[in-house]
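K.L.:
my questions are about this predicted structure, shown below with the sequence.
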Amino acid sequence: MIDIKFLRENPEIVKQNIRNKFQDRKLPLVDEVIELDAQARGAQQEADSLRSNRNKISKQIGVLMKEGKKDEAMALKEQVARDAGRLAELEASESELQEKVKTIMMTIPNIIDPSVPIGKDDSENVEVERFGEPVTPDFEIPYHTDIMERFNGIDLDAARKVAGNGFYYLQGDIARLHSAVTAYARDFMIDKGFTYCIPPFMIRSNVVTGVMSFDEMDAMMYKIEGEDLYLIGTSEHSMIGRFIDEMIPEDELPKTLTSYSPCFRKEKGAHGIEERGVYRIHQFEKQEMIFVCKPEESPMWFDKLWQYTVELFRSMDIPVRTLECCSGDLADLKVKSIDVEAWSPRQQKYFEVGSCSNLGDAQARRLRIRVKGSDGERYFAHTLNNTVVAPPRMLIAFLENNLNADGTVNIPKALQPYMGGKTKIE
């Protein structure tokens, strides 16, 4: 969420940012929020004046009563009563106007970084760099669920009967591989100096609106009927939420956390051949990075975070590339985002396996996460998040890139301790 003072003083910058994100329908909101903000501040100033005047009159009434000037004192009391009615009106109006301002401000997109390429959607994202040589074997790579079924490692039919489409049973060596990847990712991040966490898997609505836009919320979140609780779509939601209303001493930054959780998503609009199997599902598990830092340090840490994901995938012999998300592909709270994509030998293309985002102070402003500097200065923190690994998609990349012609799957050296020393899945 943008600082209202910044919007008030720089309306054209905010409008150009909206144009850059191809959300022209939101352009009138800038002028609307400026007008509502002016009305709210006007009501506040008048209310403050009435409160100040009330205090002065109260003192005058006390003096008049001591002097025996009862009639004059009663006249002033009548004025206080009239002012009290007006004050109540102003306070109600101010509260209503401020709520309208807040609602609109939460729909106006954050100011994107100047380095972000301008584009309408993900088709205009820009490749940045490739890591590892994409290999196409001289034998056919089956669909990932076919590979899993050869090992009796997945049961989609049973899952449909139990929960419907978008769910799965993993079993045997495939289930073990899933757990091994998660455990390896956990230890990988601990070795990088991150603190391991397991967060709540449900959060309240005030946390939901603090960490994501209304559009994302509608497309992703499952609501618990009859309760003010939502299932998390990623552990970032509850991990950032843990700092709500906190004043963090500056010398405690940065907060470097890595969290494991199941994730639950509606996945509205999922379709096409690559949406079947375990590519796009309603329930999966993920290891995440969460970072809270000083504003001036967030660009540096942004680059470090996505590099950790690249390093993890390369340690499992999976070629990857990074893709800079264009303006139209950025969620409203994001300042800058890079996707990590893994090579798919079967599809002969890369597909997304993780995303690293710098949200500036947007989440901190919504959740009131502030920092107290050594000089007493108070300011909003910057928050970042990045996927370490999400095993369902990771399994696709892993199986395709480590499959042998005889149908066995190689286990890279880094993962072997987590697979009981196995070098192959037979």
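P.N.:
Looks like it came in fine.

K.L.:
measure residue 234 to residue 162 for me?
P.N.:
24 Å (CB to CB, to the nearest Å). The C-beta positions use only the backbone N, C-alpha and C, and glycine is treated the same way.

K.L.:
how about residue 87?
P.N.:
Residue 87 is 60 Å from residue 162, by CB to CB.

K.L.:
who has more neighbours, these two?
P.N.:
residue 87 (19 against 10; other CB atoms under 10 Å).

K.L.:
let me see the backbone angles for the residue of the chain positioned farthest from its centre.
P.N.:
Distance from the centre of the chain peaks at residue 68, with 66.1 Å (CA atoms, centre = their mean). Backbone geometry at residue 68, expressed as degrees, to the nearest 10, gives phi 80, psi 10.

K.L.:
and residue 109, by the same measure?
P.N.:
phi -70, psi 150.

K.L.:
before we move on, what about residue 294?
P.N.:
Dihedral angles (degrees, to the nearest 10) for residue 294: phi -70, psi 150.

K.L.:
which residues in the stretch 51-200 of the chain form helices?
P.N.:
Per DSSP state H, counting those that start in this stretch, the stretch 51-200 of the chain carries helices over the ranges 70-105, 144-150, 156-163, 172-191.

K.L.:
what's the closest of the ones you listed to residue 335?
P.N.:
helix 70-105 (16.3 Å; CB to CB).

K.L.:
for the spatially closest residue to residue 130 that is not a sequence neighbour, helix, strand, or coil?
P.N.:
Leaving aside its sequence neighbours, residue 130 sits nearest to residue 321 (CB to CB, 6 or more residues apart in numbering; 4.4 Å). Three-state assignment for residue 321 (DSSP: H, G, I helix; E, B strand; the rest coil): strand.

K.L.:
count the neighbours of residue 321 for me.
P.N.:
18.

K.L.:
which strand residues bridge it?
P.N.:
Residues in a beta bridge with residue 321, per DSSP bridges, are residue 130, residue 341.

K.L.:
roughly how far does it sit from residue 329?
P.N.:
16 Å.

K.L.:
equivalent analysis for residue 340, please.
P.N.:
Distance from residue 340 to residue 329, by CB to CB: 15 Å.

K.L.:
quick one: which of those two has more around it?
P.N.:
More neighbours surround residue 340 than the other of residue 340 and residue 329, with 25 against 21 (other CB under 10 Å).

K.L.:
and the average pLDDT for stretch 343-362 is what?
P.N.:
Mean pLDDT, computed over stretch 343-362, is 96.

K.L.:
cool, stretch 108-120 as well?
P.N.:
Here the average pLDDT along stretch 108-120 is 96.

K.L.:
that stretch spans what distance, first to last residue?
P.N.:
17 Å (CA to CA, to the nearest Å).

K.L.:
redo the helices of the stretch 51-200 of the chain as a markdown table? Include mean pLDDT and distance to residue 380.
P.N.:
As requested, the helices of the stretch 51-200 of the chain are exported to a markdown table (pLDDT from 0 to 100; distance: least, CB to CB, whole Å):
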| stretch | mean pLDDT | distance to residue 380 |
| --- | --- | --- |
| helix 70-105 | 81 | 14 |
| helix 144-150 | 94 | 42 |
| helix 156-163 | 93 | 40 |
| helix 172-191 | 97 | 26 |
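
K.L.:
looking at those helices, which is closest to residue 247?
P.N.:
Nearest to residue 247 among the helices of the stretch 51-200 of the chain is helix 70-105 (21.2 Å), distances taken as CB to CB.

K.L.:
which parts of that closest one are buried?
P.N.:
73, 76, 83, 87, 90, 93-94, 97-98, 100-101, 104-105 (16 or more other CB atoms under 10 Å).

K.L.:
that one - contacts with which helices or strands?
P.N.:
helix 4-9, helix 27-66 (3 or more CB pairs under 8 Å, 6 or more residues apart in numbering; DSSP states H and E).

K.L.:
lowest average confidence across these, which one?
P.N.:
helix 27-66 (a mean of 84).
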